[in-house]
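J.: Coordinates for the following, if possible.
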Amino acid sequence: MNDESQLQVRPKDSGSSLTVWTVSSGLVARGLRDAAILAETPPPEPADPLSEIRRLAEEGDADAQYDLGDEYHDSGDLAEAAEWLRRAAEQGHAGAENYLGALYCYGEGVTRDFTEAAKWFRKAAEQGYDLAQRNLGDAYNDGEGVPQDYAEAAGWFRMAAEQGDTDAQYKLGIAFGIGKGVPQDYAEAARWFRTAAKQGNTDHPDAAFVQYKLGLACQTGRGVPRDRDEAARWFRKAAEQGHADAQYNLGDACYYGHGVPQDYAEAVGWYHKAAEQEHVRGQHDLGYVYYYGQGVPQDYAEAVKWYRKAAEQGHAPAQQALGNAYYNGHGVPQDYAGAVTWYRKVAEQNHADAQFRLGYAYSHGRGVPQDYAEAVRWYSKAAGQGHAAGQNNLGTVYYHGEGVAQDYAEAGKWYSKAAEQGDAAAEYNLGFLYYYGKGVPQDYAEAAKWYSKDSEHGDADAQYKLGYAYSNGEGVPQDDAEAVKWYNKAAEQGESNAQYYLGIAYYCGQGVAQDCAEAVRWFGRAAERGNADAQLSLGYANYHGKGVPQDYAEAVSWFSKCASAGNAAGQYALGLAHYYGHGIAPDYVQAHMWVDLAASGSAGNDQKTYSSARETVAANMTPEQIAEARRLAQAWKPEPGQ
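T.: As a prediction, this is how the structure comes out:
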């Protein structure tokens, strides 16, 4: 009969088969069965295969020696395992050579010896054994048992990679990606990452890492065409295996809509997974979405929790965000000192924005004693790194002489640096210097240029200044319509000077059709904000019945507000109202007092006019009344807040 079969054992590190038994199992079984019938006893059990392996091993069979060594290793008898693996290795068995190298590498059954390990890895590697080629590559990469040699490592990784070893493929990809032992070549890196990833060995401990790296290659276009869709697919594969960096990057892709539909809620989910693995950027970004309510309900306390986790790992953006939370009282009680503590940590890491914020704290005495010199120190650090707000604030301390000697030219230098970066406050400040010629030659055109730039940022003060420039032809062609355009933009934002001048434009019909009612509306808005010129104009509108019904009492009310602020024209108008008894009972003492204050607070033709009016009033008064009026004038002080 031709019923012969063989018992085969596949070695763990080899695809070859070890023939253990070559006796016809059919004949053996039949003989045992016949004997049992005759003897009426059960047939004996077949011989133990391990005993056959041992017999063959002792006879010098290298495959059997390898298998016996492996069995001893699994049973925990490492010394015996090393002995049998050595016998096989000395016969040139590649699997045993690699195995013995590993024992020397880890000190199992032998004294740990990297040199001996590398020797045996090399013997197996030179026979084309892929695991040994990769192990020898690791030895050269780490300098263990051989001199460290990245080029030699890459050469052995390539040999193993070309045989399909996934570990070697991803290590070769890394080598090409960072130019370690081979010229940096992103295309080659991506090729090996892709090769490793496409084997689909998701059980491999490095599969997710390879997929993540391939996602990065696709995301950045390094070595492969830039493809955000493909990047997101690789990130997802790795993220689903729990790779924290991939989870974070997939969260970013969902947040920004890169390669996937924008979805804040999904972004939050992936940030959360990464954050729970202590991924510091994942923790920071999870805090960020809670802080701003993106994909989750806004929750400052939850934001602070995640910011703190990242901050305590030394993540500078999280430390600054936590400082901001303390500064603003978001998610924690407001605590300027607590904010300063976190700002300082970041500032000392040379982060410009934190240096700026720390300078601001010292400048305003928030969380630390006010210290202009210390403010200057931190502003200077931020400004030196090109931080625009730091440059602007450094210019401001030079302008005011706070912590440094007052120096308009130095202020202009720093304003200019910040303005060139588009800092709105610096654009306004630089325009201001050029307008008044402080630290720079007076130049209306240059002033208008910078006011115009700041106006485009929506700054109401600059819009008012630009409107004024067009109204008066200062640095720009005189253009009432253009003036009205900019006055209107500023006025709508509540800038009271712009509201007043817009009212003047409507009152006089300059750049717009004359409309006294509209003028009164704008005078009223400015007057309510305490603008003395607008209060005076609104008083006159009511006094003469322009844009509103004539109302002396209302006029006096606005003249009084204006006069109380120290406005000479308002004091003169209020004095005349008292003199003539318009909207108020006639009172020469009050009339004289207010007109006297107006004359004392003015110059030129105005002073002449007010002084003449004072003499007219005095001509109708007794010496006692004049003395009382002068006493009242000397005792008068502007009302607080006016």
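J.: Identify the residue nearest the geometric centre of this protein.
T.: The geometric centre of the chain, computed from its C-alpha atoms, lies nearest to P317 (C-alpha atoms, centre = their mean), at 6.2 Å.
J.: Need the pLDDT of it.
T.: Note on P317: pLDDT of 97.
J.: do the same with A190
T.: What the model reports as pLDDT for A190 is 85.
J.: same check, this time on the one 5 residues further on
T.: On pLDDT, T195 comes in at 89.
J.: still on that earlier bit, and the residue nearest to the centre of the chain, backbone torsions?
T.: In terms of degrees, to the nearest 10, the main-chain angles of P317 are phi -60, psi -40.
J.: Relative to D227, how far out is it?
T.: Summarising the geometry, the distance separating P317 from D227, computed by C-beta to C-beta, to the nearest Å, is 28 Å. C-beta: built from backbone N, CA, C; applies to glycine.
J.: State the number of residues packed around H330.
T.: Each residue near H330 was counted by other C-beta atoms under 10 Å, and the total is 16.
J.: My guess is it contacts E302. True?
T.: No: using C-beta atoms under 8 Å, H330 makes no contact with E302, being 11.2 Å away.
J.: Contact partners for the residue nearest to the centre of the chain?
T.: Contacts of P317 were listed using C-beta atoms under 8 Å, 6 or more residues apart in numbering, and they are 284, 310.
J.: now the one 5 residues further on
T.: When the contact criterion is C-beta under 8 Å, 6+ apart, the partners of L322 are 304, 307-308, 311, 342.
J.: After the helix or strand harbouring A325, which helix or strand is next?
T.: When elements are assigned from DSSP states H and E, A325 belongs to helix 316-328. Helices and strands here follow DSSP H and E; after helix 316-328, the next one along the chain is helix 336-347.
J.: Identify the residues contacting that next one?
T.: 311, 316, 319-320, 322-327, 332, 353-355, 357-358, 361, 366-368, 378, 381.
J.: Distance check, the closest residue to G583 other than its chain neighbours against A424.
T.: Leaving out its chain neighbours, the residue that sits closest to G583 by C-beta to C-beta, 6 or more residues apart in numbering is Y552, at 3.0 Å. Look at Y552 and A424: by C-beta to C-beta, they are 45 Å apart.
J.: need the strands for this structure, in chain order.
T.: Assigned by DSSP state E, the chain shows strands spanning 7-9, 18-21.
J.: quick one: which of those strands has the weakest pLDDT on average?
T.: strand 7-9 (a mean of 21).
J.: Highest neighbour count among the contacts of L322?
T.: Neighbour counts for the contacts of L322, by other C-beta under 10 Å, peak at Y307, which reaches 31 neighbours.
J.: Quick one: residues contacting the closest residue to it other than its chain neighbours.
T.: For Y307, ignoring the flanking residues on the chain, the nearest one in space by C-beta to C-beta, 6+ apart is G287 at 3.9 Å. Listed by C-beta under 8 Å, 6+ apart, the contact partners of G287 are 302-307, 310, 318, 321.
J.: from those, which single one is nearest N429?
T.: Proximity of those to N429 (C-beta to C-beta) peaks at A321, which lies at 28.5 Å.
J.: Cross-check the contact I'm expecting between the closest one and R308.
T.: No: the pair formed by A321 and R308 falls short of the contact definition of C-beta under 8 Å, at 9.6 Å.
J.: What ranges does the stretch 151-300 of the chain have for its helices?
T.: Applying DSSP state H, counting those that start in this stretch to the stretch 151-300 of the chain gives helices spanning 166-178, 186-198, 207-220, 228-240, 244-256, 264-276, 280-292, 300-311.
J.: Kindly report the same for the stretch 301-450 of the chain.
T.: If DSSP H, counting those that start in this stretch is used as the criterion, the helices of the stretch 301-450 of the chain fall at 316-328, 336-347, 352-364, 372-384, 388-400, 408-420, 424-436, 444-456.
J.: and the fifth one, which residues are buried?
T.: This points to helix 388-400. Buried residues in helix 388-400, counted by 16 or more other C-beta atoms under 10 Å: 388-399.
J.: Would you reformat the residues you listed as a markdown table and include pLDDT?
T.: Supplementary listing: the buried residues of helix 388-400 in a markdown table, determined by pLDDT from 0 to 100:
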| residue | pLDDT |
| --- | --- |
| A388 | 98 |
| A389 | 98 |
| G390 | 98 |
| Q391 | 98 |
| N392 | 98 |
| N393 | 98 |
| L394 | 98 |
| G395 | 98 |
| T396 | 98 |
| V397 | 97 |
| Y398 | 98 |
| Y399 | 98 |
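J.: residue contacts, the nearest residue to Q294 once chain neighbours are set aside?
T.: Counting by C-beta to C-beta, 6+ apart, Q294 lies nearest to Y264, which is 4.6 Å off, once chain neighbours are set aside. Each residue near Y264 by C-beta under 8 Å, 6+ apart is listed here: 254-255, 289, 294-296.
J.: how close does Y264 get to Y256?
T.: In terms of C-beta to C-beta, Y264 sits 10 Å off from Y256.
J.: for A316, same thing?
T.: In this structure, A316 and Y256 are 22 Å apart, going by C-beta to C-beta.
J.: So for those two, which sits in the more crowded spot?
T.: Regarding A316 and Y256, a neighbour count based on other C-beta under 10 Å identifies A316 as having more, with 20 against 12.
J.: Can you name the residues that contact the more buried one?
T.: Going by C-beta under 8 Å, 6+ apart, A316 touches 345-346, 349, 351, 354.
J.: residue ranges with poor pLDDT in this protein?
T.: For the chain, the stretches flagged by pLDDT under 70 are 1-49, 201-204, 640-642.
J.: For the contacts of L322, which two are the farthest from each other?
T.: By the measure C-beta to C-beta, V304 and W342 form the most distant pair in the contacts of L322, at 11.1 Å.
J.: what angle do the helix holding A325 and helix 280-292 make?
T.: Compare the direction of helix 316-328 with that of helix 280-292 by axes from the mean of the first three to the mean of the last three C-alpha atoms, to 10 degrees and you get 30 degrees.
J.: roughly how far is helix 316-328 from the heart of the chain?
T.: Per C-alpha atoms, centre = their mean, to the nearest Å, the displacement of helix 316-328 from the mean C-alpha position of its chain is 12 Å.
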